[in-house]
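Participant: Sequence first, predicted coordinates after that:
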Amino acid sequence: MAEFSGTPAGTDRRFAVVASRFNEEIVEKLVDGALDALVRHGAAADDIDVVWVPGAWEIPLAARRLLATERYDALVAVGAVIRGDTPHFDYVAGEASRGIAQASAEFDTPIGFGVLTCDSDEQARARAGGAHGNKGWDAALAALELVDLFDRLDAADES
Ligand code: INI
């Protein structure tokens, strides 16, 4: 039996953090968390790009653009969709998550999912460096782990 898992290792790998400006104060904290995770796990600052888009709706298209360049080993998507009084939330949150998953599958490249979908500002703050941690950090860690896991699977395939 062979067992595989990745360890978060960012050395000599290139990343982009795609961040949406809507609810910017919260998203900035997610970006900080993602960058911290990448750098602490060996990624060089010069190997990380941060790309801002207006809202979470725009993240999938920007992610596809970035992946099409083949410059990145993984992306980290961060944003904050917060429920309001209309069904708008459902469309933005649903399409952002679906689009990010599709881009990841189509380009066969990990995209850490750090887009908050919350009922309130309070819930979002708790997940952007508050009581529930930082989902930007978590998303970056997941992306780092998958990149390494796929490298190991490729190496096993070649041997
Ligand atoms: N975008 C977000 O990232 N978060 C939200 O909470 C949000 N709300 O609530 O409307 C939001 N809307 C903007 C959307 O992402 C697009 O930028 C906009 O519709 C223009 O295409």
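Facilitator: Now that the structure is in, tell me what you want to look at.
Participant: Spatially central, which residue of the chain would that be?
Facilitator: Val76 (2.2 Å; CA atoms, centre = their mean).
Participant: Tell me the helix or strand right after the helix or strand that that one is a member of.
Facilitator: For Val76, the element it lies in under DSSP states H and E is strand 74-82. The C-terminal neighbour of strand 74-82 among helices and strands, as given by DSSP H and E, is helix 88-107.
Participant: what packs against that next one?
Facilitator: For helix 88-107, the packing partners by 3 or more CB pairs under 8 Å, 6 or more residues apart in numbering; DSSP states H and E come out as helix 59-68, strand 74-82, strand 111-118. The way it works is simple: take the backbone N, C-alpha and C, and place the C-beta from them, glycine included.
Participant: how about it: buried residues?
Facilitator: 89, 92-93, 96-97, 99-100, 103-104, 107 (16 or more other CB atoms under 10 Å).
Participant: near the ligand, from those?
Facilitator: 89, 92 (CB under 6 Å from any ligand atom).
Participant: how about CSV for the buried residues of helix 88-107, with pLDDT added?
Facilitator: Formatted as CSV, these follow (pLDDT from 0 to 100):
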residue, pLDDT
Phe89, 93
Val92, 97
Ala93, 96
Ala96, 98
Ser97, 98
Gly99, 98
Ile100, 98
Ala103, 98
Ser104, 98
Phe107, 98
